[in-house]
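Novice: Here is a sequence with its predicted model. Questions after.
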Amino acid sequence: MTTAELSQTILGIGEAMVEMSPQTDGSYQRGFAGDVLNALWYARKALDEDWTVSFCSAVGQDPISDDMLAFISGGGIDCSAVRRIAGRSPGLYLITLDGAERSFTYWRSQSAARSLAADGDWLGAQMDAARLIYVSGITLAILPEDDRARLLTGLAARRAAGATVALDPNIRPALWPDKDTARDVLTSAATVSSIVLPSFDDEAACFGDATPEATRARYAGAGAETVIVKNGPGAVLYLQDGQSGEAASPPVAKPVDTTGAGDSFNGACLAALISGEPIGRAIAAGQACAARVIQTRGALI
Ligand code: ADP
């Protein structure tokens, strides 16, 4: 397949979970979220209708999986690349509030999504024609070692065939057996990626980067053509084809909930990049989207 034959599709590969969010009356509201899904949600909103935004994952055959897919489809996201596995269920997390601080408890170790890369032929077929394939460090962290290697080999092949591969390392220490494994896998993943979108605080904690510039240099050195380093309210640093620069993030007076800030940034920024926008405009689109998301409760608005 040549680059011209790739379809107008963004394929995001990852895990969506059931979210239980506390309400003021002591009850919980059920929702659905996950880092890759969050990014696809905002990419869908940003892209023209001639683009397909597709979620690649695995869920069960149970009613909660049906509800999850109905929710995702309701956001305009194609779910034809979601495997249904008998006897399995989606992962779940519960939010606990301590004042304005949110903490998360997860039940995801047996989730269906951990098997999303178990069938290499199926996975390859899902990735085949997508113009942009998006994965995160969470996607890689939840996979068994062989499946992870299979996914990385598939991504390398798709990139060689002209697709754009985008990675947010999104480092969650609890999902990795140790820092060395996280570092090794994420560095390998960056070598097969065209675009890497790290968040500086995660990278500093895992790789010991002293500055956002160090994060940018490290991922560029691994082989990514484009590196975009997010840093909360700080400036976004970028490097594209050897040209570096930075873009101040517009101030947000009172962030309400920063959950999903980085994901929403990625979705809007990647949608702009894949539509041919220059990097400065794409970063501005990401910042504008994230600014709206952090002024509202919940990752999906
Ligand atoms: P992550 O959610 O991955 O940790 P960041 O916190 O770095 O990502 O934020 C992603 C983007 O969201 C930033 O580049 C910025 O545009 C916006 N953002 C996040 N926090 C703030 C904030 N406090 N004020 C203004 N913008 C913010």
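Specialist: Received, thanks. Residues are numbered from 1 along each chain as shown.

Novice: Relative to Thr96, how far out is the closest residue to the ligand within the stretch 151-300 of the chain?
Specialist: Of all residues in the stretch 151-300 of the chain, the one sitting closest to the ligand is Gly262 (2.1 Å; CB to the nearest ligand atom). Heads up, the C-betas are built off the backbone N, CA and C, glycines and all. Separation of Gly262 from Thr96 (CB to CB, to the nearest Å): 21 Å.

Novice: Among those two, which residue is more densely surrounded?
Specialist: Shown here are Gly262 and Thr96; by other CB atoms under 10 Å, Gly262 has more neighbours (24 against 11).

Novice: dump the residue contacts of the more buried one.
Specialist: Asp35, Asp168, Asn170, Leu197, Ser199, Lys230, Ala290 (CB atoms under 8 Å, 6 or more residues apart in numbering).

Novice: Repeat that for Gln126.
Specialist: Leu11, Ile13, Ser54, Cys56, Ala81.

Novice: Mind pulling the model confidence for the fourth one?
Specialist: Put plainly, it is Cys56. pLDDT recorded at Cys56 is 98.

Novice: i'd like the first residue to be 8 from this point on
Specialist: Understood, numbering begins at 8; the last thing we discussed is Cys63.

Novice: Tell me what it is bridged to.
Specialist: Beta-bridge partners recorded for Cys63 (DSSP bridges): Ile20, Ala88.

Novice: The ligand versus that one, what's the distance?
Specialist: Distance of Cys63 to the ligand, computed by CB to the nearest ligand atom, to the nearest Å: 21 Å.

Novice: That residue is in contact with Ile20, isn't it?
Specialist: Yes - with contact defined as CB atoms under 8 Å, Cys63 counts as touching Ile20 (4.4 Å).

Novice: Overlap in contacts, the two.
Specialist: Leu123, Gln133, Met134.

Novice: Which ones among these map onto helices?
Specialist: Residues of these located in helices (DSSP state H): Gln133, Met134.

Novice: Contacting the ligand as well, which ones from the shared contacts of Cys63 and Ile20?
Specialist: Among those, no residue is within reach of the ligand (CB under 6 Å from any ligand atom).

Novice: just the shared contacts of Cys63 and Ile20 now: which is nearest the ligand?
Specialist: Leu123 (21.9 Å).

Novice: ok, now which ones touch that closest one?
Specialist: Ile20, Glu22, Cys63, Ser64, Ala65, Arg90, Leu130, Thr146, Leu150, Asp154.

Novice: Likewise for Leu244?
Specialist: Pro219, Glu220, Thr222, Arg223, Val234, Ile235, Val236, Asn238, Ser251, Gly252, Glu253.

Novice: The same query, at a cut-off of 10 Å, please.
Specialist: By CB atoms under 10 Å, 6 or more residues apart in numbering, the contact set of Leu244 is 205, 207, 218-220, 222-224, 234-238, 251-254, 290.

Novice: Keep only these that also lie close to the ligand.
Specialist: Okay, of these touching the ligand (CB under 6 Å from any ligand atom), that's Lys237, Asn238.

Novice: which of the contacts of Leu244 are buried?
Specialist: Among the contacts of Leu244, those buried by neighbour count (16 or more other CB atoms under 10 Å) are 205, 207, 219, 222-224, 234-238, 253-254, 290.

Novice: Same list, the residues you listed, but as TSV with distance to Asp74, pLDDT and secondary structure please.
Specialist: Below are those laid out as TSV (distance: CB to CB, whole Å; pLDDT from 0 to 100; DSSP: H, G, I helix; E, B strand; the rest coil):
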residue	distance to Asp74	pLDDT	secondary structure
Pro205	33	98	coil
Phe207	36	98	helix
Pro219	40	98	helix
Thr222	38	98	helix
Arg223	41	98	helix
Ala224	44	98	helix
Val234	38	98	strand
Ile235	34	98	strand
Val236	36	98	strand
Lys237	32	98	strand
Asn238	36	97	strand
Glu253	42	98	strand
Ala254	39	98	strand
Ile290	35	98	helix
